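Participant: Here is a sequence together with a model predicted from it:
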Amino acid sequence: MKIQYYIIAILMFSFLITSCSDFLEEKPESFLGAESKDIDAVMLEAQLQGAYKAMLWYKNGRQMMVGVSGTDEAQGATVEVNYWADQGAIDKYNVSLNSENWLTAWMWNTAYFAISRANTTINSIQNVSNVSIEWKENKEGEARFIRAMNYFMLAQYFGKVPLITEKTAPSATPDYPREELSAIYSYILDDLKFAELKLKTSYRSGRATIGAAKALMMKVFMYAQPESGLRDYSKAKKQFEEIEQLNVYSLQSNYEELFMPEFENGVESVYEFQFEYPDEPNHIQYSLGSRAVGEYGPGSGYELLLPTQRYLNLFISGDGDERLQASVRSEFYKDGTLVTSAPDPEYIFPHCKKYEDNRNTYSYNSSKNVYYIRYADLILLYAECLNEEGNLIGAKEQVQRVRNRARATLPIMAGSKTEMLDFIYEERMRELGMEGWRRFDLIRRGSDYFVNEVGKYNKFANGNIQPFHVLYPIPNNEITMNYGISKDDQNPGYN
């Protein structure tokens with residue numbers, strides 16, 4: 001149990017605002033100690049579920065904007081950006097994007113909280129009695145997938161980070177230095193390679209599977225920063241081909257169905273976060289709703305983020321593409337009456353509707369799941385792999401699979417490798433808009449590309465965004481409490 005308390009002491013802010021107090025006050029199942037002896041299968045499963053639940057804090061409310069807003073596809077409403085300094089900094093890339101920013105710190109804290117729970121689970125597995133070796137290995141595979149997912153997100157957001165494992169020794173003076181990206185991604189891949197061998201092809205909704213492990217490996221090979229030495233399109237391509245051989249996933253027949261509650265955990269879902277009101281609700285729909293429709297009414301909210309004009313313009317008139325209508329709400333009703341004017345025009349500007357849940361008229365809470373990886377995402381990444389090796393025809397065929405589902409009719413106009421890559425990136429925005437991958441996509445094409453695209457299309461970022469913004473700042477509390485990190489270890493550009 002000691003290691004969990006040391007890690008949490010290091011990696012959790014004590015000031016995560018009053019509205020977030022449940023996160024810190026919770027006494028999670030997974031804090032059954034790693035040194036517990038002779039625990040049974042039920043107790044181990046409780047620890048594992050604690051690790052799964054920890055990840056919900058990425059996507060259960062306002063914090064979901066990190067990685068979505070501050071891009072060329074989405075930005076906050078002006079009233080939100082100007083009122084909330086820390087939140088506005090995600091779009092403005094100004095001085096409030098610093099080591100004290102609670103939103104970026106939240107991402108750091110959530111990741112290490114989930115990692116701590118996964119480590120506890122892995123440490124406890126050897127002490128479970130009256131179960132098979134296969135059962136133990138399966139549970140370890142799930143815990144390793146969770147750990148890998150969280151280290152992947154940490155490396156994407158922050159670069160080099162402390163690598164804390166189930167074997168990390170506790171210390172009265174915690175000393176966990178930032179590790180090189182090569183070490184972090186290698187560790188992630190080791191976890192995923194174990195997971196793909198020990199997980200099941202299909203399982204109860206919300207659990208890690210072989211396909212999810214392979215999909216995350218594909219992501220690692222495509223998103224790992226070049227300096228890690230682990231970016232490898234040929235290996236990513238191989239992972240997708242192995243996923244296809246599983247014969248588990250397919251495209252949902254209708255794009256709009258992807259965001260209907262009755263199709264949760266469907267044929268296209270590779271991994272999604274599981275929410276359930278009232279025990280594990282998410283609040284995204286309220287964060288993203290419109291002030292124009294009244295407090296707590298269906299569709300009400302805070303304009304946390306809005307699609308950019310760049311995103312809206314990607315859907316060309318006459319193409320027949322159904323994804324815009326399925327992704328964006330352009331009409332708002334208050335008490336059954338269409339709202340045609342508002343004190344602020346942005347209140348009735350197109351809003352993201354992918355997270356709306358019509359089962360709950362009390363709009364603050366939702367049981368709606370949130371995607372992490374969809375099959376369409378992987379198809380488009382595979383198209384990128386084919387394009388990288390010069391197979392433009394194959395790349396077009398894969399992109400066309402996704403466009404056919406969307407009923408898009410205009411031909412793919414790309415005669416060169418560069419033009420095809422540009423088209424794939426635009427198609428990823430049309431397909432995956434506001435689902436959390438755009439920031440990472442922009443950055444993996446290079447810091448200059450990231451700066452140019454965001455500076456050009458995000459009205460708040462222009463003039464502020466710099467190449468160093470490809471990483472977020474290391475939280476100040478981590479620097480203060482972790483003897484292995486000093487102020488000199490802060491990411492470039494931040495104080």
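Facilitator: Noted; the coordinates are in hand.

Participant: Could you measure from the residue lying closest to T71 once chain neighbours are set aside over to P174?
Facilitator: Among residues not flanking T71 along the chain, R438 sits closest, at 4.5 Å (C-beta to C-beta, 6 or more residues apart in numbering). Every C-beta, even on glycine, is put in place using the N, C-alpha and C of the backbone. As for R438, its distance to P174 is 35 Å (criterion: C-beta to C-beta, to the nearest Å).

Participant: which residues of the stretch 351-495 of the chain fall in strands?
Facilitator: 351-352, 370-374 (DSSP state E, counting those that start in this stretch).

Participant: Work out the gap between the last one and the centre of the chain.
Facilitator: So the one you mean is strand 370-374. Computed by C-alpha atoms, centre = their mean, to the nearest Å, the chain-centroid distance of strand 370-374 equals 8 Å.

Participant: Starting from that strand, tell me which strands it pairs with and how they run.
Facilitator: Here strand 370-374 is paired, per DSSP bridges, with strand 269-273 (antiparallel).

Participant: Can you list the neighbours in contact with the partner strand?
Facilitator: 55-56, 58-59, 206, 208-209, 211-212, 215-216, 249, 264-265, 282, 369-375, 377-378 (C-beta atoms under 8 Å, 6 or more residues apart in numbering).

Participant: List buried residues within these.
Facilitator: 55-56, 58-59, 206, 208-209, 211-212, 215-216, 249, 264, 282, 369-375, 377-378 (16 or more other C-beta atoms under 10 Å).

Participant: taking the residues you listed one by one, which sit in helices?
Facilitator: 211-212, 215-216, 375, 377-378 (DSSP state H).

Participant: need the contact list for the nearest residue to R374 once chain neighbours are set aside.
Facilitator: Closest residue to R374 apart from its sequence neighbours, by C-beta to C-beta, 6+ apart: E268 at 5.2 Å. By C-beta under 8 Å, 6+ apart, the contact list for E268 reads 249-252, 258, 374-376.

Participant: ok, now how distant is E268 from I348?
Facilitator: 31 Å.

Participant: swap in N476?
Facilitator: Taking C-beta to C-beta, one finds N476 at 39 Å from I348.

Participant: picking that back up, neighbour-wise, which of R438 and P174 wins?
Facilitator: R438 (25 against 19; other C-beta atoms under 10 Å).

Participant: What's the separation between that one and V79?
Facilitator: Relative to V79, and taking C-beta to C-beta, R438 is found at 23 Å.

Participant: With K219 instead?
Facilitator: In this view, K219 and V79 are 35 Å apart by C-beta to C-beta.

Participant: Give me the more crowded residue out of the two.
Facilitator: More crowded of K219 and V79, by other C-beta under 10 Å: K219, with 23 against 15.

Participant: helices or strands up against the helix or strand encompassing the more buried one?
Facilitator: With secondary structure defined by DSSP states H and E, K219 is part of helix 210-223. With contacts taken as 3 or more C-beta pairs under 8 Å, 6 or more residues apart in numbering; DSSP states H and E, helix 210-223 sits against helix 133-158, helix 181-198, helix 233-246, strand 269-273, strand 370-374, helix 375-388, helix 438-444.

Participant: Mean pLDDT and distance to S341 for the ones you listed - can I get that in a markdown table?
Facilitator: Below are the helices and strands packed on helix 210-223 laid out as a markdown table (pLDDT from 0 to 100; distance: least, C-beta to C-beta, whole Å):
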| stretch | mean pLDDT | distance to S341 |
| --- | --- | --- |
| helix 133-158 | 98 | 39 |
| helix 181-198 | 99 | 51 |
| helix 233-246 | 99 | 48 |
| strand 269-273 | 97 | 37 |
| strand 370-374 | 98 | 32 |
| helix 375-388 | 99 | 37 |
| helix 438-444 | 98 | 31 |
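
Participant: tell me the most buried of those?
Facilitator: Mean neighbours per residue, mean count of other C-beta atoms under 10 Å, is largest over the helices and strands packed on helix 210-223 for helix 375-388, with a mean of 24.

Participant: Just want the angle from it to strand 370-374.
Facilitator: Helix 375-388 runs at 30 degrees relative to strand 370-374, counting by axes from the mean of the first three to the mean of the last three C-alpha atoms, to 10 degrees.

Participant: Which strands and helices lie in contact with helix 375-388?
Facilitator: If contacts are counted by 3+ C-beta pairs under 8 Å, 6+ apart, helix 375-388 sits against helix 210-223, helix 233-246, strand 269-273, helix 392-405, helix 417-432.

Participant: right, and the ones you listed - which one's nearest A342?
Facilitator: helix 417-432 (27.1 Å; C-beta to C-beta).

Participant: What mean pLDDT does the closest one get?
Facilitator: Mean per-residue pLDDT for helix 417-432: 98.

Participant: Convert the C-alpha atoms of that helix to PDB, please.
Facilitator: The C-alpha trace of helix 417-432 is given here as PDB (Å, rounded to 0.1, in the frame of the first residue of the first chain):
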ATOM      1  CA  LYS A 417       1.600  11.600 -51.800                       C
ATOM      2  CA  THR A 418       1.400  15.100 -50.200                       C
ATOM      3  CA  GLU A 419      -2.000  15.800 -51.500                       C
ATOM      4  CA  MET A 420      -3.200  12.400 -50.300                       C
ATOM      5  CA  LEU A 421      -1.900  13.000 -46.900                       C
ATOM      6  CA  ASP A 422      -3.600  16.400 -46.800                       C
ATOM      7  CA  PHE A 423      -6.900  14.800 -47.800                       C
ATOM      8  CA  ILE A 424      -6.500  12.000 -45.200                       C
ATOM      9  CA  TYR A 425      -6.000  14.700 -42.500                       C
ATOM     10  CA  GLU A 426      -9.100  16.500 -43.600                       C
ATOM     11  CA  GLU A 427     -11.000  13.300 -43.700                       C
ATOM     12  CA  ARG A 428      -9.900  12.500 -40.100                       C
ATOM     13  CA  MET A 429     -11.400  15.900 -39.100                       C
ATOM     14  CA  ARG A 430     -14.600  15.200 -40.800                       C
ATOM     15  CA  GLU A 431     -14.900  11.700 -39.400                       C
ATOM     16  CA  LEU A 432     -13.500  12.200 -35.900                       C
END
